[in-house]
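Novice: prediction below, plus the sequence it came from.
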Amino acid sequence: MILASPERIAEFTARGWWGTTTLDQGFRDIVARLPAREAVVDAPNREALTDGAPRRLSYAQLEAEVARMAAVLHARGLRPDDIVVVQLVNSVEQFVVYLACLRLGLIVSPVPVQYREHELDHILGLTGARAVVTAARVGRHPAAAMWVGLAARHPGLQHVLAWGRQVPASALPLDALLDDAPDPAAAEAAGQAAAITANHIATLCWTSGTEAAPKGVPRSHNEWWIVVPSLVEAAELTPGMRLLNPFPLINMAGLSSCFATWLGLEATVVQHHPFDLDVFLAQLRTERIDYTVSPPAILTQLLQRPELLEGIDFQRLSRIGSGSAPLSEWMVQGWADRGVAIVNYFGSNEGAALTGAPVDIPEAVRRARYFARGGTPERYSKISTANKIRTRLVDPDTEREITEPGVPGEMRVAGPTIFSGYFRNPEATARAFDDQGYYRSGDLFEIAGERGQYLLFVGRCKDIIIRGGMNISEVEIETLLLACPGVRDAAVVGAPDPVLGERVCACVVPAPGATLTVEGIARWLRDERHVAVYKLPQRLLLLDALPRNPVGKILKRELRQRLQQEAAAESPSPSAPSAA
């Protein structure tokens, strides 16, 4: 399946930005040259997350498992362009499945482990996925059993393949299938015959913005390769490095830094997730980590408790990536004083990306607030990808292009990093691009700096909540809340949270006589509507009426301002972090 237009392919190929190497070929090249290098490592707490002891695989061992997995998938009748949904915890098995699918020309569609029937019914209905690869359990959740139930009402989902103990009778036990795998030769021949190119779709990831349901974001092999320099050059990474991955390996954050970049650097990935501070610190000490990423709040906490950092080799770990929430100047400078440069990232599944990197912004305190202004003729960034895209700021109400400092405008981006459109959703695709072909990011920035060389993030046009790096659609939860017993009217906004960035706050007008609690609303959404746990409200604001403008539109800014004021009243000054 190729979704990029012939004109787009011809332009970016002629410029040397897109090539002919698939992700599978990139992996095979490493196997041929560096078979003994360690490729991927499980987290030590794996058994708390899913069945099976932690494993470590070299590139040669990973290749052997990829070949067997490809044989299993091919024997099930899966063929090029078939969609395979994958719901697994961060583990070595993710790499096995992803690479096996890419080898056969199957489209990998990873989904969060938190997704339940509410989200998955939509994804299966939209994609017509023929198979899912999962585990008997994810934490305490019986994932394989849930998927068997989904397959019963989605006849196109023909195969539920699951690792682990106590795999349901209606699912296929992958451990046994792989031990007795068919001859890989047939799968290898099929993969070669498929003639997959670097412009074929490799993955179908999911994003939740202002729409009430997740949207599929397809990306080709070339669209993954093109993002690698953004990370490599920004963090000054070198071949053979060891990367610690605390992001779920399901979207741009994880797949760009620890799959595409892993291949580009011939690196080792050490898996981690969900975030566990003790495990994370132990991995930093024992796994010889060269680069990792971490939420801003965790980086602040570690500086406030320096005893936690004892035993970590900061001569080796001299760069750490962060983002998804504004960075504290105190935090970025504090790490700089320890000899560690914090790289500030801003990006989306659709391919819009900015960086605040030492190569562009040497001053730590500036790097906390600003991003290099890429995509302009002035070439304010030294990062190569930033000079392959085009950017502009636009007033979202008037469509006036903004060129002066200090005026908020929506970031619009075009170029080889941007996706071609949402999967089987032409209406959303049409809304996503402006009349000049630029992707509408939904994010508001201002031009800043003495020469206009920076961009300052000032807010979002779209109604989304970013909780721990995961996007949550306010519209989706609002629509569900309006059906909740005892709710007369409802709006959903993000409440500031020092660790996660934001939490879901349900702003509710109760029906007469109703008694509502945040625990009761969350329980109803979870049990009756099967909503993913991370989307559940953690705060409840009871109101006599929602604030509205004269035409009836809810004034969410008033709700957000109230929550921000309450958070500010409850928190110490950010300029003087506590020692606790």
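Specialist: All right, it came through fine. Residues are numbered from 1 along each chain as shown.

Novice: pull the number of nearby residues for the closest residue to Tyr370 other than its chain neighbours.
Specialist: Among residues not flanking Tyr370 along the chain, Tyr454 sits closest, at 3.8 Å (Cβ to Cβ, 6 or more residues apart in numbering). (Each C-beta comes from the backbone N, C-alpha and C, glycine too.) By other Cβ atoms under 10 Å, the residues close to Tyr454 number 24.

Novice: Pro142 too?
Specialist: 16.

Novice: just to check, it is in contact with Ala135?
Specialist: No - counting by Cβ atoms under 8 Å, Ala135 is not a contact partner of Pro142; they are 9.6 Å apart.

Novice: follow-up on the earlier one: for the residue nearest to Tyr370, give me the pLDDT.
Specialist: In this prediction, Tyr454 carries a pLDDT score of 97.

Novice: who does it bridge with?
Specialist: Note on Tyr454: beta-bridge partners by DSSP bridges are Ala372, Ala448.

Novice: next up, the contacts around it.
Specialist: 361, 366, 370-373, 380, 447-448 (Cβ atoms under 8 Å, 6 or more residues apart in numbering).

Novice: and the lengthiest helix in the chain, what's its mean pLDDT?
Specialist: Determined from DSSP state H, the single longest helix within the chain is helix 59-75. Across helix 59-75, the average pLDDT comes to 97.

Novice: which strands and helices lie in contact with that helix?
Specialist: helix 23-33, strand 38-41, helix 92-104, helix 174-179, helix 184-194 (3 or more Cβ pairs under 8 Å, 6 or more residues apart in numbering; DSSP states H and E).

Novice: right, and those - which one's nearest Asp51?
Specialist: Among the helices and strands packed on helix 59-75, the nearest to Asp51 by Cβ to Cβ is helix 174-179 (8.9 Å).

Novice: tell me the centre residue of the chain?
Specialist: Asn251 (3.4 Å; Cα atoms, centre = their mean).

Novice: how about the nearest residue to that residue, chain neighbours excluded?
Specialist: Closest residue to Asn251 apart from its sequence neighbours, by Cβ to Cβ, 6+ apart: Cys205 at 4.6 Å.

Novice: now Leu563
Specialist: Ala495 is the one closest to Leu563 (Cβ to Cβ, 6+ apart), at 4.6 Å.

Novice: am I right that that neighbour sits in a helix?
Specialist: No - per DSSP: H, G, I helix; E, B strand; the rest coil, Ala495 lies outside any helix segment and is strand.

Novice: that one against Cys507, yeah?
Specialist: No - using Cβ under 8 Å, Ala495 is not in contact with Cys507; the gap is 9.7 Å.

Novice: which of the two has more neighbours?
Specialist: Cys507 (27 against 24).

Novice: make sure that one is actually in contact with Leu546.
Specialist: Yes - between Cys507 and Leu546 there is a contact at 6.6 Å, judged by Cβ under 8 Å.

Novice: residues shared between the contacts of the two?
Specialist: In contact with both Cys507 and Leu546: 490-491, 559, using Cβ under 8 Å, 6+ apart.

Novice: mind checking which of those land in strands?
Specialist: The strands, defined by DSSP state E, take in 490-491 from the shared contacts of Cys507 and Leu546.

Novice: per-residue pLDDT of Ala212, please?
Specialist: 60.

Novice: tell me the secondary structure at the closest residue to Ala53 other than its chain neighbours.
Specialist: The shortest distance from Ala53 to any non-neighbouring residue, by Cβ to Cβ, 6+ apart, is to Glu47 (6.4 Å). What three-state DSSP gives for Glu47 is helix.

Novice: equivalent analysis for Glu399, please.
Specialist: coil.

Novice: residues contacting the helix or strand hosting Gln283, please?
Specialist: Here Gln283, judged by DSSP states H and E, is contained in helix 277-286. Applying Cβ under 8 Å, 6+ apart, the external contacts of helix 277-286 come out as 43-45, 244, 246, 270, 272, 289, 292, 294, 298, 301, 308-309, 311-312, 317.

Novice: give me the next element, helix or strand, following it.
Specialist: Per DSSP H and E, helix 277-286 leads on to strand 291-293 as the next helix or strand towards the C-terminus.

Novice: can you list the strands that that next one pairs with?
Specialist: Partners of strand 291-293 in its sheet, by DSSP bridges: strand 242-245 (parallel), strand 319-323 (parallel).

Novice: can you list contacts of it?
Specialist: By Cβ under 8 Å, 6+ apart, strand 291-293 touches 235, 237, 241-247, 253, 257, 284, 317, 319-323, 345.

Novice: three-state assignment of the residue of the chain most remote from its centre?
Specialist: Here the chain reaches farthest from its C-alpha mean at Gly513, the gap being 42.0 Å by Cα atoms, centre = their mean. Judged by three-state DSSP, the three-state class of Gly513 is coil.

Novice: sorry, back to before: element containing the residue nearest to Asn251?
Specialist: Judged by DSSP H and E, Cys205 forms part of strand 201-207.

Novice: how about residues contacting that strand?
Specialist: Residues from elsewhere that reach strand 201-207 (Cβ under 8 Å, 6+ apart): 1-3, 22-23, 81, 83, 98, 102, 107-112, 123, 127, 214-221, 224, 250-252, 255, 348-350, 423, 471.

Novice: hmm, try it at 7 Å
Specialist: Residues from elsewhere that reach strand 201-207 (Cβ atoms under 7 Å, 6 or more residues apart in numbering): 1, 3, 23, 83, 102, 107-111, 123, 127, 214-221, 224, 250-251, 255, 349, 423, 471.

Novice: repeat for stretch 431-449
Specialist: Against stretch 431-449 from outside (Cβ under 7 Å, 6+ apart): 209, 348, 350, 352, 370, 373, 392-393, 404-414, 418, 422, 454-462.

Novice: just the CA atoms of it, as PDB, please.
Specialist: Taking Å, rounded to 0.1, in the frame of the first residue of the first chain, the C-alpha atoms of stretch 431-449 are listed here in PDB:
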ATOM      1  CA  ARG A 431      -9.400  19.400   7.800                       C
ATOM      2  CA  ALA A 432      -5.700  18.500   8.700                       C
ATOM      3  CA  PHE A 433      -4.200  20.400   5.700                       C
ATOM      4  CA  ASP A 434      -4.600  24.000   4.600                       C
ATOM      5  CA  ASP A 435      -5.100  25.300   1.100                       C
ATOM      6  CA  GLN A 436      -1.300  25.500   0.600                       C
ATOM      7  CA  GLY A 437      -0.800  21.800   1.600                       C
ATOM      8  CA  TYR A 438       0.600  22.500   5.100                       C
ATOM      9  CA  TYR A 439      -0.300  20.300   8.000                       C
ATOM     10  CA  ARG A 440      -2.300  22.200  10.600                       C
ATOM     11  CA  SER A 441      -0.600  21.100  13.900                       C
ATOM     12  CA  GLY A 442      -3.200  22.700  16.200                       C
ATOM     13  CA  ASP A 443      -0.400  24.100  18.300                       C
ATOM     14  CA  LEU A 444       0.200  27.800  18.900                       C
ATOM     15  CA  PHE A 445       3.700  29.300  18.800                       C
ATOM     16  CA  GLU A 446       5.200  32.800  18.800                       C
ATOM     17  CA  ILE A 447       8.300  34.000  16.900                       C
ATOM     18  CA  ALA A 448      11.000  34.900  19.500                       C
ATOM     19  CA  GLY A 449      14.700  35.700  19.900                       C
END
